[in-house]
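Peer 1: Everything below, folded, please.
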Amino acid sequence: MSVDAQREAAAVRAEWLGHLLSTAPADRPAAEAAISELYRLIGLDPPRFHWVPSPLAALETVPPGVRPRPSETADRLDEWPLPARFRRLVGRASVELDERVMRGSPGLDPMIRQLVRMPLTTSARSTIHIALQEPRGRRDAWYTALCVSWSAHYDAVRRCSGVVFTPEQNRLIDLWATPARSCGWWWPREDVCVVSERPVEIHTEVWDDEGEVRLHRSDGPALRFADGWDAHAWHGTRVPGWVVDDPGVERIAREANVEVRRCAIENIGWGAYIDRAGLRLVAAAPDPGNPGSELRLYDLRDQARVLLAVNGSVERDGSRRRYGLAVPGAFDDPLAAAGWTYGLSADQYARLVRRT
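Peer 2: Numbering: from 1, shown residues only. As a prediction, the model looks like this:
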């Protein structure tokens with residue numbers, strides 16, 4: 001893949017990341033026209049459209065005049081008839097498109113996947129997907145099918161290579177891409193299609209060299225829709241609002257989820273949390289894997305201890321992050337505790353040249 005083609009692929013990725021994170025009002029005529037044509041491709045008449053302000057409204061309300069089947073509930077989306085039919089349509093198209101790419105430019109597909117598809121898939125899972133699906137504890141295949149990464153992949157193939165698709169293939173690519181460019185997610189039934197507006201706010205941070213982003217905001221909801229539904233996130237982890245807005249030692253002590261506790265402590269700052277919680281210092285030692293830094297071992301609740309360390313890698317802003325690691329309460333030696341987190345003995349850890 002030439003340097004110019006790689007630049008074009010990066011431009012395609014940036015363009016589609018913009019669509020993924022867009023907070024512009026939906027282009028309803030464009031979305032409805034494309035979805036209507038997609039219905040025709042599976043042999044159905046265009047549906048009636050029911051617009052909602054957020055995905056939560058789409059999943060927790062039923063459009064007027066609709067009597068859903070027993071299987072058409074939010075937690076059984078993969079069993080809905082039409083999402084399955086549309087997934088099969090796109091799946092068959094993917095096979096045909098990939099065969100054409102492999103015949104015309106066999107080395108292209110892995111590069112497009114690396115430069116475009118995977119970064120966008122990761123960004124989608126770390127933003128919209130975690131906010132909307134984490135409470136339900138599952139990843140529905142329909143939302144994966146709607147991810148902008150599919151459209152971006154074949155858009156990049158068309159723009160970065162000499163591979164030529166048929167008019168029918170180009171039409172399907174364009175039809176599937178239009179809702180991704182024009183609105184939020186959509187939920188098709190035979191006679192009615194529910195379509196969500198985009199969020200009115202989305203806050204992210206870049207966290208990888210390929211430009212992947214994840215939800216993060218330190219002073220409010222990371223994602224918010226016009227109807228007031230929102231979600232808080234701390235460096236890509238979905239958290240209750242108190243973690244961001246009002247973290248406290250007592251709330252942290254009551255929280256059962258380890259990841260939520262970690263995020264709340266990071267928000268306060270490990271040093272401040274240790275002081276406020278009155279944790280007893282067990283022992284401290286220079287960190288051989290991170291020269292100039294110290295390992296500090298503290299007593300924690302429930303016969304556990306926490307090892308406070310400094311990250312060996314520099315953050316994007318040039319700082320080094322302090323973090324805590326839960327270790328068994330039997331450890332009295334910070335080096336032994338640090339080695340345990342790597343599967344090493346204290347002596348082995350002490351001989352490390354540099355820890356990342």
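Peer 1: just for this structure, where's the confidence low?
Peer 2: 1, 133-139, 302, 312-320, 353-356 (pLDDT under 70).
Peer 1: domains for it, by residue range?
Peer 2: Structurally, the chain divides into domains by automatic domain parsing as follows: 3-198, 204-243, 269-350.
Peer 1: Just send these back as CSV, with distance to residue 249 too.
Peer 2: For every residue, glycine as well, the C-beta is placed using N, CA and C. Shown next, in CSV, are those (distance: least, CB to CB, whole Å):
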stretch, distance to residue 249
domain 3-198, 25
domain 204-243, 12
domain 269-350, 5
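Peer 1: Can you add distance to residue 263 and mean neighbour count and give these back as TSV?
Peer 2: Rendered in TSV, the data for those read as follows (distance: least, CB to CB, whole Å; neighbours: other CB atoms under 10 Å):
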stretch	distance to residue 263	mean neighbour count
domain 3-198	13	17
domain 204-243	4	19
domain 269-350	11	16
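Peer 1: Of all the ones you listed, which one comes closest to residue 252?
Peer 2: domain 269-350 (7.4 Å; CB to CB).
Peer 1: Where do the helices of the stretch 251-356 of the chain begin and end?
Peer 2: Taking DSSP state H, counting those that start in this stretch as the criterion, the stretch 251-356 of the chain contains helices spanning 258-268, 270-277, 334-342, 346-350.
Peer 1: Mind listing residues that contact the longest helix along the chain?
Peer 2: The longest helix of the chain (DSSP state H) is helix 81-104. Outside helix 81-104, the residues that touch it by CB atoms under 8 Å, 6 or more residues apart in numbering are 38, 41-42, 44, 77-78, 108-109, 141-142, 145, 150, 154, 157, 161-165, 169, 172-173, 176, 187-190.
Peer 1: Among the residues you listed, which ones are in helices?
Peer 2: Per DSSP H, the contacts of helix 81-104 map to helices at 38, 41, 108-109, 141-142, 145, 150, 154, 157, 169, 172-173, 176.
Peer 1: ok, so of the residues you listed, who is nearest residue 2?
Peer 2: Among the ones in helices among the contacts of helix 81-104, and counting by CB to CB, the member closest to residue 2 is residue 108, at 10.7 Å.
Peer 1: Nearest the middle, which residue of this protein would you pick?
Peer 2: residue 126 (1.2 Å; CA atoms, centre = their mean).
Peer 1: ok, that residue touching residue 213?
Peer 2: Yes. Using CB atoms under 8 Å, residue 126 is in contact with residue 213, at 6.8 Å.
Peer 1: follow-up on the earlier one: ok, which of the domains of the chain comes nearest residue 250?
Peer 2: Closest among these, using CB to CB: domain 269-350, at 9.5 Å.
Peer 1: how long is that closest one end to end?
Peer 2: From its first residue to its last, domain 269-350 covers 27 Å (CA to CA, to the nearest Å).
Peer 1: same question, stretch 197-207
Peer 2: This stretch, stretch 197-207, spans 27 Å end to end (CA to CA).
Peer 1: do stretch 290-300 as well
Peer 2: End-to-end distance of stretch 290-300 (CA to CA): 24 Å.
Peer 1: who's in contact with that stretch?
Peer 2: For stretch 290-300, the surrounding residues in contact (CB under 8 Å, 6+ apart) are 274, 279-287, 305-312, 320, 326-327, 329, 331-335, 337-338, 354-355.
Peer 1: coming back round to it: apart from its neighbours in sequence, what residue is nearest the residue nearest to the centre of the chain?
Peer 2: residue 214 (3.7 Å; CB to CB, 6 or more residues apart in numbering).
Peer 1: Can you say which helix or strand has the one you found in it?
Peer 2: Per DSSP states H and E: residue 214 is located in strand 213-215.
Peer 1: Now do the next helix or strand after that strand: which elements does it pack against?
Peer 2: Where DSSP H and E defines the elements, the next helix or strand beyond strand 213-215 is strand 223-224. Strand 223-224 is packed against strand 201-202, strand 230-234, with contacts defined by 3 or more CB pairs under 8 Å, 6 or more residues apart in numbering; DSSP states H and E.
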